[in-house]
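>>> just need the structure, nothing else, for what follows:
(2 chains)
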There are 2 protein chains.
Amino acid sequence: MSDSQDLGITESKEHSTGDWYAEVVRKANLASYGPDGMSGFIITRPRGYSLWERIESFLDSRFKDTGVQNTYFPVFIPESYLEREKEIVEGFDPEVAWVTEGGFDELDERLAVRPTSESIINPYLSQWIRSHRDLPMRVNQWCGVVRWEATETKPFFRTKEFLWQEGHTAHASDDAAWEETLTRLDQYEATYEDLLAMPVLRGCKPEHDKFPGADTTTTVEALMPDGKSVQGATSHHLGQSFAEAFDITFADEDEAEQLAHTTSWGLSWRSLGALIMTHSDDQGLVLPPTVAPEQVVIVPIWQSDTKAEVLEYASELASELDTAGIRVELDDRDGRNPGFKFNEWELKGVPLRVEIGPNEVADNELTLVHRPDGESQVVNREGATETVYDHFDQVYAKLYASAEQTLAEGVRDADSREEILGTLGRHGGYVKAPWCGDEACEEPIKDAIAAEIVMVPFNEDDPIDATDDAECALCETTAESTAYFAKTYWLTPPQPRHTVEGSQRRPPENSAASVPSHWSDYRL
Amino acid sequence: MSDSQDLGITESKEHSTGDWYAEVVRKANLASYGPDGMSGFIITRPRGYSLWERIESFLDSRFKDTGVQNTYFPVFIPESYLEREKEIVEGFDPEVAWVTEGGFDELDERLAVRPTSESIINPYLSQWIRSHRDLPMRVNQWCGVVRWEATETKPFFRTKEFLWQEGHTAHASDDAAWEETLTRLDQYEATYEDLLAMPVLRGCKPEHDKFPGADTTTTVEALMPDGKSVQGATSHHLGQSFAEAFDITFADEDEAEQLAHTTSWGLSWRSLGALIMTHSDDQGLVLPPTVAPEQVVIVPIWQSDTKAEVLEYASELASELDTAGIRVELDDRDGRNPGFKFNEWELKGVPLRVEIGPNEVADNELTLVHRPDGESQVVNREGATETVYDHFDQVYAKLYASAEQTLAEGVRDADSREEILGTLGRHGGYVKAPWCGDEACEEPIKDAIAAEIVMVPFNEDDPIDATDDAECALCETTAESTAYFAKTYWLTPPQPRHTVEGSQRRPPENSAASVPSHWSDYRL
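Numbering: from 1, shown residues only, chains lettered A, B, ... in the order given. Alright, predicted model coming up:
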């Protein structure tokens, strides 16, 4: 980083969360904005991409251990294939980027840049699956998808193109499909809890907000420090509706033709957005050591007469840690004072700093400083590798504990409309309320404060958890479940969509107004 | 695989190479053809994708060990950005897929689906590089690119969308850029030789066929058994032309502004095509153990009275090999006889088969069969893991030796036009001839038998290796280098391009005829 004015966050996480977030992403070199004419796209820089690689590696190895095989399907989907999906799914034309020309020629049929791949993967599953011996069939792809979002974009959280994985599976029985759905939800939960130091809530989307065509959409939800909920990943039990639409059948053990049961599940780089938002602070990025590009930075502190011995001591340590497989950076730059270096590495989110000055050398010690809270500790030089690992654990535990506290304090009960509105308005977070299951009871909350039901907890044998003898907080009929109301970053009161005369290729038969206001969320 | 008629290759590698290749790809479950309306696209199935994953993993770890960082740039490039590249590169509009609509709206500016990313990566390198301390900067991405090929497509070898990696680097000096170019060429060579069991030739493209704008295009070339050459990967020393076009400058140690020196380099899934073509045979796919999805298959052979003991013995072995990290498959299916299983696993390219019958059990032995040549050997059950690894090495060595022999026998000398034409016509392979360096001398060969200069060997201090005192085999002026002439899968005599009235969006200012006939090859 050459420009010192680029160092240091000027926005406040508490008072201008959005601007602060954008500044952290940019100044920690995670991403740059896309070129002119491509607003809503980002360039993922090496430090940002390496975070995604660690998530991919964590999740991919778990997928493979549980029978998933990777594939690659084309980036384009013919329009006629998308149409077929419309039998079961409301149109999503408003969010599709269309290829209409190849070379100098206009194409006979428009090609969608994939917004998700159900409509091209399912026809192939149908071809590949003949017999019960071919089941379960589990395919996954790590790829980019494009959704022409009209709403405000935000690096990683919501971008017109984003990276994700999408898994698609077929099974012989409903039970097997349900087990698959929960296996993937478990793996998403583990990604947040064991890799990203973030506790999540798990449950289902309400009926009116599940993935269209799905029997059940399960979700992991993460609470951001500013009180908003982020849908962390979803795993859909699709039942037989997709199998029926795409003719996914198999011969059972008696050679009788049966309809398969399918699932799909996905996690996107929105998880990176949630990670950054959760742990970072007004000094910049904060990362758990599990995913940090540099896990530890060594900053030597010298005067001219002590430089040689300090640097030698520091580089021996760097070499020892490196040999142990620790991602270590030795910042031995001339012309930058230690304070400057501290600030820069804090901005970049290095979890642990080692300070080495003449005193440390003389006493055969190291000074360790934790990024999240600045806690500093002097430790013995002997056994440094083990000590550093131990401090990684301490830093991880601090981050997790802090996020856990946010979540624990962020879940509140309410028994009436007024209480729901008041509590959400004052505190944000989740408000739990008994709910009859009717979408109509969500409307007044949505209209008043742009909050919605983000989750319904479930016990996993019985997807919807009935709350005994309670009354719906909104309509006072019998409650069927507990609804978690929350605000999100994108939910805004519905607005009529303006179509610009002359700029339309064809009449919007499925007008934007008929499309779920946050369709994208279904696919994540 | 449910349909027995799908088993077994019906085409001959020798007599109908193209059909045979397509049949192997399909029946070994490597890829399916794209949907209607998307000819030239493929679906990469799990067994095909796992081959690509192993190449990616091999190469990516070497990239990272040598200072490369991964990134992700958008799938779209605004038309105006591509225009900027035209300052140095001839237009490639004929090969671009254009997005013109987002949702219901026509876009103000067309977006190209990336055919390669120079034109979007270089402007960001220009932003990110300020000082000599930022150099070298090396970014790479693993991604899909789209080229609207008019020529015949072939799974993996040439597809409208293909997966590849593209690396882009900037350096402070010409020497550093040249060193980078060769480092990547070394790594490509190692990918072929140490992972894919294929020897390659390394050299440069002739001046008239290098990547437009490059100082030097280096290449690794592989000889296919049918006598055609495949460009395996290219690494371009770009000199300062791209730096100049995209304003990639840095402040040197004296704070003076300097122009950077850049490189780019790429390897695509064409390497998979070359792998399949090189080793496979009329029984189906043949793979080296390094990349095979299943490295060893155990086929138990039983009668009803020996089934229990044979299966127990076989599964103990499977478990032992699996524990050792070997990718092992135990084929204990009922209802398939051993011969059927042998054929199926041969078709799928499993390098090593273990046969276990009552005799093996009684004698505490195993029968091992090598896929490439059917050689069979009875070995002791004790130390099976080590024995299996040893046989992997033997199979690898056989494959490599066979490809090496093809290459050794496939390079012939010629001293005249007649000899070049005659030798290439009779034998294919490479014909080495002294060459003056003038493109005009390639024309008669191209016109007569659609062969071209695919490579010029170089010694690495001096890219073009002058052949002392020799005369050009074609024009008899002084030879400047040795040219390797060969046929490729795609070079066909130039044909006028027909434009269809009414289907053109705009006049083809850069008409297809002015575009290099195999532009794609430059980018690989």
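
>>> show me where the stretch 101-250 of chain A has helices.
Counting by DSSP state H, counting those that start in this stretch, the stretch 101-250 of chain A has these helices, from start to end: A:118-128, A:174-190, A:241-246.

>>> repeat that for chain A.
Counting by DSSP state H, chain A has helices at residues A:17-27, A:46-65, A:79-85, A:118-128, A:174-190, A:241-246, A:270-279, A:307-323, A:338-347, A:358-363, A:384-409, A:417-427, A:443-449, A:519-523.

>>> so which residues make contact with the fifth one?
In other words, helix A:174-190. A:59, A:62-63, A:66, A:135-136, A:138, A:167, A:169, A:171, A:200, A:202, A:216, A:218-220, A:232-233, A:235-239, A:261-263, A:265, A:267, A:460 (Cβ atoms under 8 Å, 6 or more residues apart in numbering or on different chains). The C-beta positions use only the backbone N, C-alpha and C, and glycine is treated the same way.

>>> what subset of those is buried?
The neighbour count (16 or more other Cβ atoms under 10 Å in any protein chain shown) marks A:59, A:62-63, A:135-136, A:138, A:167, A:169, A:171, A:200, A:202, A:216, A:218-220, A:232-233, A:235-239, A:261-263, A:265, A:267 as buried among the contacts of helix A:174-190.

>>> low-confidence stretches in chain A?
Low-confidence segments of chain A, defined by pLDDT under 70: A:1-6, A:87-93, A:150-151, A:459-468, A:491-524.

>>> tell me the domain ranges of it?
Here the domain assignment for chain A is A:38-279, A:296-398, A:411-487, based on automatic domain parsing.

>>> looking at those, which is buried most?
A comparison of the domains of chain A by mean neighbour count, using mean count of other Cβ atoms under 10 Å in any protein chain shown, puts domain A:38-279 on top with a mean of 21.

>>> gap between the two ends of that domain?
29 Å (Cα to Cα, to the nearest Å).

>>> returning to what we had before: export the helices of the stretch 101-250 of chain A as JSON lines, with columns for distance to A:Ala473.
Formatted as JSON lines, the helices of the stretch 101-250 of chain A follow (distance: least, Cβ to Cβ, whole Å):
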{"stretch": "helix A:118-128", "distance to A:Ala473": "35"}
{"stretch": "helix A:174-190", "distance to A:Ala473": "27"}
{"stretch": "helix A:241-246", "distance to A:Ala473": "32"}
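
>>> and the residue nearest the centre of chain A, how far from A:Thr159?
Geometric centre of chain A, nearest residue: A:Ser271, 2.0 Å, by Cα atoms, centre = their mean. Separation of A:Ser271 from A:Thr159 (Cβ to Cβ, to the nearest Å): 13 Å.

>>> which residues touch stretch A:312-326?
Residues contacting stretch A:312-326 (Cβ under 8 Å, 6+ apart): A:295-296, A:298, A:300, A:328, A:330, A:332, A:354, A:356, A:360-361, A:366, A:381, A:384-385, A:388-389.

>>> and it, how far from the chain's centre?
Distance of stretch A:312-326 from its chain centroid, counting by Cα atoms, centre = their mean, to the nearest Å, is 34 Å.

>>> how about stretch A:153-172?
9 Å.

>>> just stretch A:8-23 next, same as before
On the basis of Cα atoms, centre = their mean, stretch A:8-23 is displaced by 20 Å from the centre of the chain it belongs to.

>>> and that stretch, what's buried?
A:9, A:11, A:13, A:17, A:20-23.

>>> distance to chain B for these - can I get that in CSV?
Conversion of these to CSV gives the following (distance: Cβ to the nearest Cβ, whole Å):
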residue, distance to chain B
A:Ile9, 20
A:Glu11, 22
A:Lys13, 26
A:Thr17, 25
A:Trp20, 22
A:Tyr21, 19
A:Ala22, 17
A:Glu23, 17
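
>>> of these, closest to A:Ile449?
Using Cβ to Cβ, A:Thr17 is the member of the buried residues of stretch A:8-23 that lies nearest A:Ile449, at 17.1 Å.

>>> once you drop chain neighbours, what's closest to the closest one?
Closest residue in space to A:Thr17, ignoring its immediate chain neighbours: A:Asp226 at 4.8 Å, by Cβ to Cβ, 6 or more residues apart in numbering or on different chains.

>>> quick one: residues contacting the one you found.
Going by Cβ under 8 Å, 6+ apart, A:Asp226 touches A:13-14, A:17, A:277, A:428.

>>> any idea where the strands of the stretch 401-524 of chain A begin and end?
Along the stretch 401-524 of chain A, counting by DSSP state E, counting those that start in this stretch, strands occupy A:411-413, A:430-435, A:451-455, A:481-487.

>>> list the helices and strands the first one packs on?
Yep, that's strand A:411-413 we're talking about. strand A:430-435 (3 or more Cβ pairs under 8 Å, 6 or more residues apart in numbering or on different chains; DSSP states H and E).
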